[in-house]
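A.B. asks: just coords:
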């Protein structure tokens, strides 16, 4: 099996894109925006605790953030452009992938059109060897952006090397060439295409 590198789509976890404005202290019931901000605060505290190797306390902070995010999602949803992309924790050294998966799925509920979230979830599925789920997320990326060459590249890799469907792999590699640039990766992918065509003729 040819080994390939997934370097094209490693995304950065936990990037805060938005700053939530402060609200008057007299508000008795926190607004949706305030809940999201509090969730971000707990998430930031959790990340700091992970750096200090205090994983138990970090997990508690992540759970508090998740609970606030869940509560906020029950109210009127925020517009997609304001959805809290950042409320997704990294897997820590103990490999707590389930926690991260839960955060990604909840964040995608609030921002289903956010391509980066689908990419990150696909990467997490890949890390946990859930290859069909990873492919499904990348196919969602293509639905959102039919010209996303990196998604085609990685789908080709998944279907050839992990899902055993050379025909689909060939189709996705061809789409990568169509939308990609004439770089070293494209030349290498063209070689893979030629090899796959030979194998499919056997």
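C.D. replies: Perfect, I can see it now. In this text the structure is predicted, and so the values were computed from the model without any measurement. Numbering: from 1, shown residues only.
A.B. asks: how near is residue 38 to residue 102?
C.D. replies: Remark: distance between residue 38 and residue 102 (CB to CB, to the nearest Å) = 18 Å. Bear in mind the C-beta positions are built from the backbone N, C-alpha and C, glycine included.
A.B. asks: And residue 68, by the same measure?
C.D. replies: Taking CB to CB as the measure, residue 68 and residue 102 are separated by 13 Å.
A.B. asks: ok, the two, which is more surrounded?
C.D. replies: Ranked by neighbour count (other CB atoms under 10 Å), residue 68 and residue 102 place residue 68 first, with 24 against 18.
A.B. asks: Quick check, residue 114 in contact with residue 104.
C.D. replies: No - Residue 114 sits out of contact with residue 104 when judged by CB atoms under 8 Å, with a separation of 10.3 Å.
A.B. asks: Pick out whichever of the two has more residues nearby.
C.D. replies: Applying other CB under 10 Å to residue 114 and residue 104 shows that residue 104 carries more neighbours, namely 23 against 18.
A.B. asks: sec struct for that one, please.
C.D. replies: Following DSSP: H, G, I helix; E, B strand; the rest coil, we place residue 104 in the helix state.
A.B. asks: which residues touch it?
C.D. replies: Listed by CB atoms under 8 Å, 6 or more residues apart in numbering, the contact set of residue 104 reads 88, 117, 120-121, 124.
A.B. asks: Tell me the pLDDT of it.
C.D. replies: At residue 104, the predicted lDDT confidence score is 80.
A.B. asks: Next: residue 75.
C.D. replies: According to the prediction, residue 75 has pLDDT 48.
A.B. asks: Now do the helices in this protein.
C.D. replies: Under the criterion DSSP state H, the chain carries helices at the ranges 32-51, 55-73, 97-110, 115-127, 131-144, 149-157, 166-179, 184-201.
A.B. asks: Now tell me which of those the model trusts least on average.
C.D. replies: For those, the weakest mean pLDDT is recorded on helix 55-73, namely a mean of 68.
A.B. asks: List the buried residues in stretch 138-149.
C.D. replies: Along stretch 138-149, the positions that meet the burial threshold by neighbour count (16 or more other CB atoms under 10 Å) are 138, 140-142, 148-149.
A.B. asks: List of residues touching it?
C.D. replies: Counting by CB under 8 Å, 6+ apart, the neighbours of stretch 138-149 from elsewhere in the structure are 113, 115, 118-119, 122, 151-152, 154-155, 158, 175-176, 179-180.
A.B. asks: can you check stretch 187-200 too?
C.D. replies: Outside stretch 187-200, the residues that touch it by CB under 8 Å, 6+ apart are 2, 153, 156, 160, 166-167, 169-170, 173-174, 176-177, 180.
A.B. asks: which residues sit in contact with residue 60?
C.D. replies: Residues counted as contacts of residue 60 (CB under 8 Å, 6+ apart) are residue 46.
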